[in-house]
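A.B. asks: Need coordinates for the below:
(2 chains)
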2 protein chains.
Amino acid sequence: MVHDGQRATTPTVQQLGERKVLPRVLAQLSPAQAAKVGPGDDAAVLTVEGELVITSDTMIEGPDFRLDWHNGFDLGWKLAATNLSDVAAMGARPIALTVSLACPRETGVELLEDIARGLDAACQHLAPGCGVVGGDLGTAPVLTAAVTALGDLQGRAAVLRSGARAGEVLAYCGQLGLAGLGLSQLFQNAPEKFEVAVRAQLRPEAPISSGMQAAGAGATAMMDVSDGLVLDSARLAEASGVTLALESECLLRVFGSQNGQQVPLEAMLFGGEDHRLLATFAAEVRLPPGFHRIGEVRASASATRTSGHETPALYVLLDELACEPRGWDPYRPQ
Amino acid sequence: MVHDGQRATTPTVQQLGERKVLPRVLAQLSPAQAAKVGPGDDAAVLTVEGELVITSDTMIEGPDFRLDWHNGFDLGWKLAATNLSDVAAMGARPIALTVSLACPRETGVELLEDIARGLDAACQHLAPGCGVVGGDLGTAPVLTAAVTALGDLQGRAAVLRSGARAGEVLAYCGQLGLAGLGLSQLFQNAPEKFEVAVRAQLRPEAPISSGMQAAGAGATAMMDVSDGLVLDSARLAEASGVTLALESECLLRVFGSQNGQQVPLEAMLFGGEDHRLLATFAAEVRLPPGFHRIGEVRASASATRTSGHETPALYVLLDELACEPRGWDPYRPQ
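C.D. replies: Residues are numbered from 1 along each chain as shown, chains lettered A, B, ... in the order given. As a prediction, the model looks like this:
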């Protein structure tokens, strides 16, 4: 699962020049259904109707990934999946990605081809019909990949973070805590011990159909959990002006063992990068497939919040106790 | 015009953390007309109809800009303008940008605020109604900015690079060669000598209304000239399967003096980053305001092209002689 960096393969992008690199990258990509004009012009042309969603996310070698952990294919996959997941979290169907790739001049062209293959495979597997429609190539001191994803709401209302109301059910869909465990294993250089977790970290799966089903079932609020359950719950709670009360008994029962991997509560609460869905539903709604109750929505406790407190700790409770958000802040090394 | 780098200002993004940096950046931005939901959720929600265009471009400190030349405002402006220009080159009206900014942890938050101000000002000045609707923040070894722009074709057909036909007129709109001259002045550390050119380099203006007018007037092919007139002409010629015959007499007469600045032919042909429009029109069409004839479209000479020649030199003629494309290749230092 762990691969050597591929930077040194030949020919390098500098040897080939942009004119020869670009067709080799484009050759890995399948067309997007919505694209009337794909890559190669000043812009791509898409056919759309009604409302769409747009989201961008950038991954940079060092803070966001390491080439001795991610091979190009996995990196391309993860780039697509993390953006597709944000589209899913709005209840939309992904229709197109743009991708900007910048790398050192000594980078082997195969790495860029592998990234393109991973992007394409993730689209085909996770969001059929979606594809890369454009982007650009450039140079940077480290490998830098910026992705934008577009999604079609297909007439549904977008599910925002701000719609949760007291009395509703808090639910979660998909694996929880595995990706964070996988990251720990990679840091400890022991990936073979927990292959399921390492795979969750390297090649996450975006829950496209679950997002659309949740929107169809009347989810009142939804978001992609990328920075840790407690931190992202605090964000949803703050946007909605509510308190979210997590129940450890639910979490342990549903997510204590995933794919044969024991997952401790700590990993569920504070691990990041699972890229699955947190959503709220009216109490009487039957939860869509894959969603499990993990707590409930309460009226906001923010009136009693300690003034000057930096993080909205009181927005999230675990078993009735305030749960301090900890999780990914890009500016603050963990 | 040249400013000290602002990296060292305090507080730094590391001191503040993402939770405090984000609102300071968002406070600089005006809403986009098409945005039903702007920044702050997993994705922005846009209302669109019919066909849209999408384009992405990334700028990285070092290869693409230097903070001792660009202050944050100019950098934000240029980020917006270069992407808006690609939208204009399709004949579309820009409606939204997403922006991913990554920087070293010791970066002062003011630099990010200034970039946001520049992005917003460029949208308001160049493409009223367009605005930043989303993006993300992160860290990188050098300042890294990835922008995606969306445009609405408003029922017009997109103007591609591939529509030029023999017998048509080749035309150009806007300044030509100034931005490249400005870059030379910055490299020579003498920006005050040619302030008009330096301004063209640091704060280009995207020709939004000219692009829409050209599309309305029946432009058969169009593109943004960002990498040099000859190189981009070769791209348009190759996409259309034609030869483009440039006429130095036209170029010198129209563009030999711009804003009081003498511009040599060499700068017009091979300077980059003007971000203005090259387009072709049927011979009988009255050129839209701002467009000037610079040559004509001929049948392709590619049958006589030397086999194995890397660049499509014969696609572009200057005064009947083959003109070798030279211009920006990100992978090959100039």
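A.B. asks: Next, work out how far apart residue A:263 and residue A:256 are.
C.D. replies: Distance of residue A:263 to residue A:256, given as CB to CB, to the nearest Å: 6 Å. The way it works is simple: take the backbone N, C-alpha and C, and place the C-beta from them, glycine included.
A.B. asks: Compare the two (neighbour count), which wins?
C.D. replies: Taking other CB atoms under 10 Å in any protein chain shown, residue A:263 and residue A:256 do not tie; residue A:263 has more neighbours (24 against 15).
A.B. asks: Now whichever residue of the stretch 1-150 of chain A sits closest to chain B: closest residue in space, sequence neighbours ignored.
C.D. replies: Residue nearest to chain B within the stretch 1-150 of chain A: residue A:146 (3.1 Å; CB to the nearest CB). Once flanking residues are discounted, residue A:146 sits nearest to residue B:146: 3.1 Å by CB to CB, 6 or more residues apart in numbering or on different chains.
A.B. asks: Parallel or antiparallel, which strands does the helix or strand the one you found falls within pair with?
C.D. replies: For residue B:146, the host element (DSSP states H and E) is strand B:144-152. Strand B:144-152 pairs in its sheet with strand B:44-60 (antiparallel), strand B:93-103 (antiparallel), by DSSP bridges.
A.B. asks: What's the first helix or strand after the first one?
C.D. replies: Where DSSP H and E defines the elements, the next helix or strand beyond strand B:44-60 is helix B:72-88.
A.B. asks: what's the angle from that next one to strand B:144-152?
C.D. replies: 40 degrees (axes from the mean of the first three to the mean of the last three CA atoms, to 10 degrees).
A.B. asks: quick one: average pLDDT of helix B:72-88?
C.D. replies: When pLDDT is averaged over helix B:72-88, the result is 96.
A.B. asks: swap in stretch A:322-334?
C.D. replies: The average of the pLDDT scores along stretch A:322-334 is 76.
A.B. asks: for stretch A:153-171, same thing?
C.D. replies: Per-residue scores along stretch A:153-171 average to 96.
A.B. asks: now the end-to-end length of that stretch.
C.D. replies: 22 Å (CA to CA, to the nearest Å).
A.B. asks: Determine how far that stretch lies from the middle of the whole chain.
C.D. replies: Taking CA atoms, centre = their mean, to the nearest Å, one finds the center of stretch A:153-171 at 18 Å from the center of the full chain.
A.B. asks: before we move on, the earlier item: immediately after the strand holding residue B:146, which helix or strand?
C.D. replies: Next along from strand B:144-152, by DSSP H and E: strand B:169-173.
A.B. asks: Stretch A:187-197: end-to-end distance?
C.D. replies: Stretch A:187-197: ends 13 Å apart by CA to CA.
A.B. asks: How far away from the center of its chain is it?
C.D. replies: 21 Å.
A.B. asks: again with stretch A:122-136
C.D. replies: 15 Å.
A.B. asks: do stretch A:170-190 as well
C.D. replies: 13 Å.
A.B. asks: Which of the residues in it are classified as buried?
C.D. replies: Within stretch A:170-190, the residues that count as buried by 16 or more other CB atoms under 10 Å in any protein chain shown are A:170-183, A:185-186.
A.B. asks: can I assume residue A:178 is in contact with residue A:195?
C.D. replies: No - Residue A:178 lies out of contact with residue A:195 (CB atoms under 8 Å); the separation is 10.8 Å.
A.B. asks: Name the nearest residue to residue A:263, ignoring sequence neighbours.
C.D. replies: residue A:177 (4.6 Å).
A.B. asks: from memory the one you found sits against residue A:268, does it?
C.D. replies: Yes - using CB under 8 Å, residue A:177 makes contact with residue A:268 at a distance of 3.9 Å.
A.B. asks: shared neighbours of the two, which are they?
C.D. replies: A:229, A:255 (CB atoms under 8 Å, 6 or more residues apart in numbering or on different chains).
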